[in-house]
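A.B. asks: Got a predicted model here, sequence first, then my questions.
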Amino acid sequence: MHRSGDNVSSLSATPQNRRRWPIAALVVGVGVVLGGCAKNAPQDTFRPAGSNSQRIDNLARPVFYIAGIVGVIVLSVITYCVIKFKDRGQDIPEQTHGNPKLEIALTILPAIILAAIAVPTVVTVFALDKKSDSQCVINVTGQQWWWEYDYTAGNCGGVEITAPIVTAGELVIPAHTNVLLRITSRDVIHSFWIPRLNGKRDAVPGRLSTLRMEASQPGIYTGQCTEFCGLSHARMRQAAVALDTNDFKTWVDNQLQAYKAPDPGSLAATGEATFLAQCSKCHQINGILKPDGTPSLAEPDLYEVSGAAPNLTNLMTRTAFAGWTFDLISDKCRNELWNAKPADFGALYLQGVWMDTPAGATTPVCFNEANLRSWLRNAPAMKPMFSDPTQLASTGGRYRGMPNLNLSEAQIDQLVAFLLERK
Ligand SMILES: [Cu+2]
């Protein structure tokens, strides 16, 4: 085998190769920069879709342009000097001591620029912090590796929420409404960010931080956790779904519907029993009863470091799951939903997995059954989680994430049938 060192030096020593390096670097560099310019990227900060992100954009753009102009000037002068005064063996130039006029000018000019930028910056910071005109309050809790949202009972953008609603991954908000998020964490530090709606806010255990959000049009706005939070940080995503007031009311009423037990004797009914045996110790489904007729209450604090697992009462009203990483609807239907005009968006969204399904049909056309099945078959294989029982000593036997429950295919059939009714 070659010693790699010999190889490299013999290659790079040829003048031809030395000339190719800068070109290769330039091509890669330009490629990386242009890669950030994808059109209509869903997490593009330069496509604000709400009042606060618009404020940030109004500030960031002029600053970006000024900084760009300054950058071009500085780099041009440096390049000019490097070439013009390159050491060609010429005499050392005459030594001078400073240039007061130039130095004063170069101190005053940046000071003026910074002062000019400071004024709109401070104004924007205070405007972004405004909470007094909030029209809805939603609690947001981060944990490894998903976001929980709980809506307190009360008025939200003109819609009366009569009982608390708990959901995961997908934050549903009324459009044209100032929504105040109260953000915290149950384990490590996370950071909540929906780039098209506002800046980031850290979710810190034991602290409450606020973030205001307003979406000026119905639609889906995606984001991801932006504070490294361990193993599956990259799979901790989130979305905000904005609906017109009427559609939002429909969504709220639907979330608060009383639990409907599956028809006795059906596959879903067997699924309910399997759920109670295998899943209900971690996952809450509101209203579900144990065989003895008493309410089944999850105790995730016994099994999870964060003390929580997603509430599955209305699982099928979401379009993605497990840190909003895996689609619950098919690719085709997701594209249809994401490309819907704002006026059509709400109606489509409320149909969820039942989008495009002919009236009377019993199987939902848009359901991404493969994803849900593979999650139930072996969740940690889909999303790395801290769920190896031999490694749990440091966490008192508690998991970070969902373990593999070694379910049989028959049990998965039952659970899918049961979960499909959680809509
Ligand atoms: Cu995180």
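C.D. replies: Thanks, I have the structure now. Residues are numbered from 1 along each chain as shown.
A.B. asks: ok but residue 222 is inside a helix, no?
C.D. replies: No - assessed by DSSP: H, G, I helix; E, B strand; the rest coil, residue 222 does not belong to a helix; its assignment is strand.
A.B. asks: That one pairs with what?
C.D. replies: On the basis of DSSP bridges, residue 222 is bridged to residue 239.
A.B. asks: neighbours of it, just the number please.
C.D. replies: Counted with other C-beta atoms under 10 Å, residues neighbouring residue 222 total 20. Every C-beta, even on glycine, is put in place using the N, C-alpha and C of the backbone.
A.B. asks: Does it touch residue 43 like I think?
C.D. replies: Yes - shown here, residue 222 and residue 43 form a contact pair, counting by C-beta atoms under 8 Å, at 5.9 Å.
A.B. asks: Can you report how many residues lie near the residue in the stretch 51-200 of the chain that the ion sits nearest to?
C.D. replies: Per C-beta to the ion, residue 190 is where the stretch 51-200 of the chain lies closest to the ion, at 3.3 Å. By other C-beta under 10 Å, the residues close to residue 190 number 32.
A.B. asks: what does the one 3 residues further on give?
C.D. replies: Burial measure for residue 193: 21 neighbouring residues, criterion other C-beta under 10 Å.
A.B. asks: same check, this time on residue 204
C.D. replies: For residue 204, the tally of surrounding residues (other C-beta under 10 Å) stands at 17.
A.B. asks: Look up phi and psi at the nearest residue to it once chain neighbours are set aside.
C.D. replies: Nearest residue to residue 204, sequence neighbours excluded (C-beta to C-beta, 6 or more residues apart in numbering): residue 189, at 5.4 Å. With angles defined as degrees, to the nearest 10, residue 189 sits at phi -80, psi 130.
A.B. asks: so how far is residue 175 from residue 189?
C.D. replies: Separation of residue 189 from residue 175 (C-beta to C-beta, to the nearest Å) stands at 30 Å.
A.B. asks: rewinding a little: and the residue of the stretch 51-200 of the chain closest to the ion, what pLDDT?
C.D. replies: Looking at residue 190, its pLDDT reads 98.
A.B. asks: ok, now residue 403?
C.D. replies: On the pLDDT scale, residue 403 gets 94.
A.B. asks: Got the phi and psi for the residue nearest to it when sequence neighbours are not counted?
C.D. replies: Nearest non-adjacent residue to residue 403, counting by C-beta to C-beta, 6+ apart: residue 387, 4.0 Å away. Here is the backbone geometry of residue 387 (degrees, to the nearest 10): phi -130, psi 20.
A.B. asks: Can you report how many residues neighbour residue 387?
C.D. replies: Neighbours of residue 387 under the rule other C-beta under 10 Å: 17.
A.B. asks: same question, residue 56
C.D. replies: So residue 56, with other C-beta under 10 Å, has 19 neighbours.
A.B. asks: List the contacts of it.
C.D. replies: When the contact criterion is C-beta atoms under 8 Å, 6 or more residues apart in numbering, the partners of residue 56 are 45, 48, 124, 128, 198, 199.
A.B. asks: so the third one, which of the three states?
C.D. replies: In terms of secondary structure, residue 124 is helix; the call rests on three-state DSSP.
A.B. asks: Report the buried residues of the helix or strand where residue 55 lies.
C.D. replies: Using DSSP states H and E, residue 55 sits within helix 51-84. Of the residues in helix 51-84, 51, 52, 53, 55, 56, 59, 60 count as buried by neighbour count, 16 or more other C-beta atoms under 10 Å.
A.B. asks: Distance from it to the middle of the chain?
C.D. replies: 29 Å (C-alpha atoms, centre = their mean, to the nearest Å).
A.B. asks: now it: mean pLDDT?
C.D. replies: 94.
A.B. asks: Ok, stretch 95-112 next?
C.D. replies: Stretch 95-112 comes out at a mean pLDDT of 91.
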